[in-house]
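# Starting from these lines, generate the structure:
(2 chains)
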Amino acid sequence: MSTLAYALTDTSTMLRRQIKHMQRYPSLTIMLIGMPVVFLLLFVFVFGGTLGDGLGGPTGGRDAYLAYVTPGILMMTLAGIVQGTAIGVAMDMTEGIIDRFRTMSIARVSVLTGHVLGSMIQSFLGIAVVLGVAAALGYRPEAGPLEWLGLVGVVALVSFGLIWLTVALGITAKSVETASNSPMFLMIMPFLGSAFVPTDSMPTVLRYFADYQPFTPWIEVTRSLLSGTAVDGQDLVLTIAWALAFAILGYAISRKKFNKR
Amino acid sequence: MNTQKPLAIEARNLTKSYGDNAVLKGVDIAVPEGTIYSLLGPNGAGKTTTVNILTTLIPASGGEAFVGGNHIVKQADEVRKLIGVTGQFAAVDGLLTGRENLHLMGRLHHLGKRETVRRTEELLERFDLLEAAKRAPSTYSGGMKRRLDIAMCLMGNPKVIFLDEPTTGLDPAGRRTVWAAIRELVKAGTTIFLTTQYLEEADELADKIAVLNGGTLVAEGTSEELKRLIPGGHIRLRVHQAGDVARTAQLLEASGSDADQLTVEVPSDGSVHSLRKILDTLDREAIEVDELTVHTPDLDDVFLALTGHAAEAA
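Residues are numbered from 1 along each chain as shown, chains lettered A, B, ... in the order given. Model prediction:
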């Protein structure tokens, strides 16, 4: 077999390991997916009535807010899933098994790509659950087949970027406790973007930050796709650029740290 | 070093420092194929550091080393294909079952499905883990975890095995199982590099023992050779009559005697020649002896004399 074939085989072996971990330890996955669901319910039922009116749309109220906030919660779901990625990677790094892998003739990156793919599966699972709950609350996306395909692409791209970034955080953390805290800031980012309120209601400095930070373009592209409206070109460029930047940065750091013990 | 067999492990002037702290200060190692080499030393001597360097986990600060003729840095991947490693801390996946842990190793060694399953069952049986195979290692005893760990390192059929304190924390029965497994591996031609704090273990298993202390090898040889380095051998006699103790002690130039115990201790290198001389004297003087024992220094004496630490009791 060629090096690439080995890398793929080893990655699939490591992915199987991650899937087994999820099956054995389902509470983590449930908690990771449960959190955005709680946020969805909280924002729709507690704040939704008032915030929906403030959107200034023709209908207003809770239903309008549900349609507005769901794309934001979806991106928040991706930020939530990676909290688990950092923990999983840090656990691997602090346990003896990683040294076993390091002394074996395997594609080294597969230890990490196993985590990445495992977390991507969780991400899509989380997106499906959140969309399901939103639909149960009365959310009706207007996306056509092409838009849905686009959404899958955006979710894959964004989660790939976020996951590699948190793999780096997990690998850099000195303990599992640190690793469980360090990606927390990602959960705050949607609040400082367009997830819950339009950015033009924010003070100038904050608004400037909100418009260009990664989550806003991700949310805006998702929102356009789900509502069946045209995707803004600049948002699309920023979406791809931020996701790739996170992925490349995370990969570079992870690779360096993994090889250096 | 002149050996008939090719060397499975060879290290020349290996050094490792962390900042100002020199952990290894120039270690030379030569292990012929199919033999057991034991690195014996107290905690902090540099045993684990040596293993980590030889198994490609950490780079050395200086010197060169080869495993199976492959340079440990330039041909690290070739080295990794040859070796199996069991570290000081059980390197098992706590969320997978015992069997799944072995399957994971089989897949990572690209053994193929059938061979993976076959070897897994064989190793589970050999290490007495069949009953526990369905459970996660978090439910295992220390000995079972260690056995699973060793079984995992054998999955890829390694030519050279590194065992870093494989029996630390095991009960005597667990230790015997591990020892038996090690002996069997050597019979099959595997080379074993073993670190231990236990003299008994090195004595039992190793063809060659190297004593590591403070980052340098302070002695090297077979356990017999090491014992000969140390003075302290003696012959101990128990005479029949209390009245003979003082006379015997004088005649044989004893180093000590005990009138109550009826014993006399005579310094001796344990050779036949010295033994015969003592027996001749006893015959000539018609001294009746109930018991005669020859004491050669054991590895504990060696260890203490070489390192200045008392060895931990095995």
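# Specify which residues of the stretch 101-250 of chain A, grouped into ranges, have pLDDT under the cut-off.
Scanning the stretch 101-250 of chain A for pLDDT under 70 picks out nothing.
# Which single residue of it ends up nearest chain B?
residue A:105 (4.0 Å; Cβ to the nearest Cβ). Glycine gets a C-beta too; all of them are placed from N, C-alpha and C.
# which residue sits closest to that residue, ignoring its sequence neighbours?
Leaving out its chain neighbours, the residue that sits closest to residue A:105 by Cβ to Cβ, 6 or more residues apart in numbering or on different chains is residue B:80, at 4.0 Å.
# my hunch is that that neighbour is in a helix, does that hold up?
Yes: assigned with DSSP: H, G, I helix; E, B strand; the rest coil, residue B:80 falls within a helix.
# residues in contact with it?
A:103-105, B:56 (Cβ atoms under 8 Å, 6 or more residues apart in numbering or on different chains).
# try it again with 10 Å
A:102-106, B:55-56, B:67, B:70, B:72, B:156, B:158 (Cβ atoms under 10 Å, 6 or more residues apart in numbering or on different chains).
# Touching, the residue of the stretch 101-250 of chain A closest to chain B and residue B:84? I think so.
No: using Cβ atoms under 10 Å, residue A:105 and residue B:84 do not qualify as a contacting pair, with a distance of 11.3 Å.
# Show me whatever sits in contact with both of those two.
Overlap of the contact sets of residue A:105 and residue B:84 (by Cβ under 10 Å, 6+ apart) consists of B:109, B:156.
# more crowded one of those two?
For residue A:105 versus residue B:84, neighbours defined as other Cβ atoms under 10 Å in any protein chain shown are more numerous around residue B:84 (27 against 20).
# pretty sure the more buried one is touching residue B:161, no?
Yes: the criterion here is Cβ under 10 Å, and residue B:84 meets it with residue B:161 at 4.7 Å.
# Are there residues contacting both of the two? Which ones?
Common contacts of residue B:84 and residue B:161 (Cβ under 10 Å, 6+ apart): B:150, B:153-154, B:185, B:190, B:192.
# tell me which element residue B:43 is part of?
Counting by DSSP states H and E, no helix or strand carries residue B:43.
# Before we move on, what's the pLDDT of it?
Residue B:43 carries a pLDDT score of 83 in this model.
# Now do the phi/psi pair for it.
Per-residue torsions, residue B:43: phi -60, psi 140 (degrees, to the nearest 10).
# so what's it closest to, chain neighbours aside?
That would be residue B:197: by Cβ to Cβ, 6+ apart, it lies 7.0 Å from residue B:43.
# Roughly how far does the one you found sit from residue B:88?
11 Å (Cβ to Cβ, to the nearest Å).
# of the two, who's got more company?
Between residue B:197 and residue B:88, counting by other Cβ under 10 Å, residue B:197 is the more crowded of the two (21 against 17).
# Now the more buried one: phi and psi?
The phi/psi pair for residue B:197 (degrees, to the nearest 10) is phi -100, psi -10.
# In this structure it contacts residue B:211, no?
No: counting by Cβ under 10 Å, residue B:197 stays clear of residue B:211, with 11.4 Å between them.
# where does the residue nearest to residue A:105 land on pLDDT?
On the pLDDT scale, residue B:80 gets 93.
# and what of residue B:196?
At residue B:196, pLDDT is 90.
# so where do the helices sit in the chain?
Going with chain A. Assigned by DSSP state H, the helices in chain A fall at A:3-24, A:26-41, A:48-54, A:61-94, A:97-102, A:109-136, A:145-172, A:176-181, A:185-188, A:204-212, A:215-227, A:233-259.
# that's the other chain; I wanted chain B
Ranges of helices within chain B are B:47-54, B:76-82, B:98-108, B:113-126, B:142-154, B:172-187, B:199-205, B:223-228, B:244-251, B:272-285, B:299-307, based on DSSP H.
# Find the centremost residue of chain B, please.
Taking Cα atoms, centre = their mean, the centroid of chain B lies closest to residue B:202, which sits 2.8 Å from it.
# Skipping adjacent residues, who's closest to that one in space?
That would be residue B:38: by Cβ to Cβ, 6+ apart, it lies 4.1 Å from residue B:202.
# if I read this right, the one you found contacts residue B:194, doesn't it?
Yes: if you go by Cβ under 10 Å, residue B:38 and residue B:194 touch, sitting 4.7 Å apart.
# Overlap in contacts, those two.
Common neighbours of residue B:38 and residue B:194 (Cβ under 10 Å, 6+ apart) are B:47, B:163, B:201-202, B:205-206, B:209.
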